[in-house]
Each structure stands twice: as structure tokens, then as C-alpha cells.
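A.B. asks: no FASTA, just this:
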């Protein structure tokens, strides 16, 4: 599909939403998950709320904690970043037109 024809989600899904979903299904608290992935609880909370992204070290820690590949988490982050950037560019183009 041509990038000009690509559909851009109105609200892209941040990987943090999926981390939260996994925690709920597995009944893991944010405090316990933060300890398992060796980050501050406040940092994990910011990721879950979409204020921070998933970086390589966190992706590997999530892989170890949840059994979901680091590549999966990094692909989600990349897709989120691209969708967000495309939506922003679309808004800018609309404002200029």
C-alpha cells in the first residue's frame, strides 16, 4: 500500500496499554511488575500512561518478565511512533490547506 494511501488511526495504541492489559490478565500489580523489570514504579506508570516509550532495555526486561519477545514490544513502540507522526503530519497538512 502506498504511504499516501495508508490508513492512520485516529488514536494509535501505545505499548503501555498492552503492558497494562497483560498485568491485569496475570493479576500483577504495577509495583510487582516494576520490580520484575527493574524500573522505578513511577517510570512504569509513565509508560503505562503513554508518557514514556518502550526502549530496548525495557523491552528485554518485559520479555523476561512476560515471555513476550522484546522485538514485539519494540515493534509496537515503532508502530505507535509512526502512527502518531503520520497523524500529526496529516493535521499540519490540513491546517495549511
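C.D. replies: Perfect, thanks for sending it. Here the structure is a predicted model, which means the values were calculated and not measured.
A.B. asks: CA atoms for contacts and neighbours, from now on please.
C.D. replies: Will do.
A.B. asks: for the helix or strand residue 72 falls within, buried residues please.
C.D. replies: Secondary structure from DSSP states H and E places residue 72 in helix 70-96. Under the neighbour-count criterion of 16 or more other CA atoms under 10 Å, helix 70-96 has 70, 73-74, 76-81, 83-84, 86-87 buried.
A.B. asks: avg pLDDT for it?
C.D. replies: Mean per-residue pLDDT for helix 70-96: 92.
A.B. asks: for it, packing partners?
C.D. replies: helix 15-26, helix 56-66 (3 or more CA pairs under 8 Å, 6 or more residues apart in numbering; DSSP states H and E).
A.B. asks: how many residues are close by residue 25?
C.D. replies: Residues contacting residue 25 under the criterion other CA atoms under 10 Å number 8.
A.B. asks: how close does the most centrally placed residue in the chain sit to residue 82?
C.D. replies: Nearest to the mean C-alpha position of the chain, by CA atoms, centre = their mean, lies residue 15 at 2.1 Å. According to CA to CA, to the nearest Å, residue 15 and residue 82 sit 13 Å apart.
A.B. asks: what's the answer for residue 65, then?
C.D. replies: Where residue 82 is concerned, residue 65 sits at a distance of 26 Å (CA to CA).
A.B. asks: how about residue 21?
C.D. replies: In terms of CA to CA, residue 21 sits 22 Å off from residue 82.
A.B. asks: and the residue nearest to the centre of the chain, what is it in contact with?
C.D. replies: Contact analysis of residue 15 by CA atoms under 8 Å, 6 or more residues apart in numbering lists 47-48, 50, 53-54, 73, 76-77, 80.
A.B. asks: if we use 7 Å, what do you get?
C.D. replies: 73, 76-77 (CA atoms under 7 Å, 6 or more residues apart in numbering).
A.B. asks: hang on, isn't residue 48 packed against residue 20?
C.D. replies: Yes. In this structure residue 48 lies within contact range of residue 20 using CA atoms under 7 Å: 6.2 Å.
A.B. asks: quick one: secondary structure of residue 68?
C.D. replies: Using DSSP: H, G, I helix; E, B strand; the rest coil, the secondary structure recorded for residue 68 is coil.
A.B. asks: roughly how far does it sit from residue 22?
C.D. replies: Applying CA to CA, the value for residue 68 to residue 22 is 10 Å.
A.B. asks: many thanks, have a good one.
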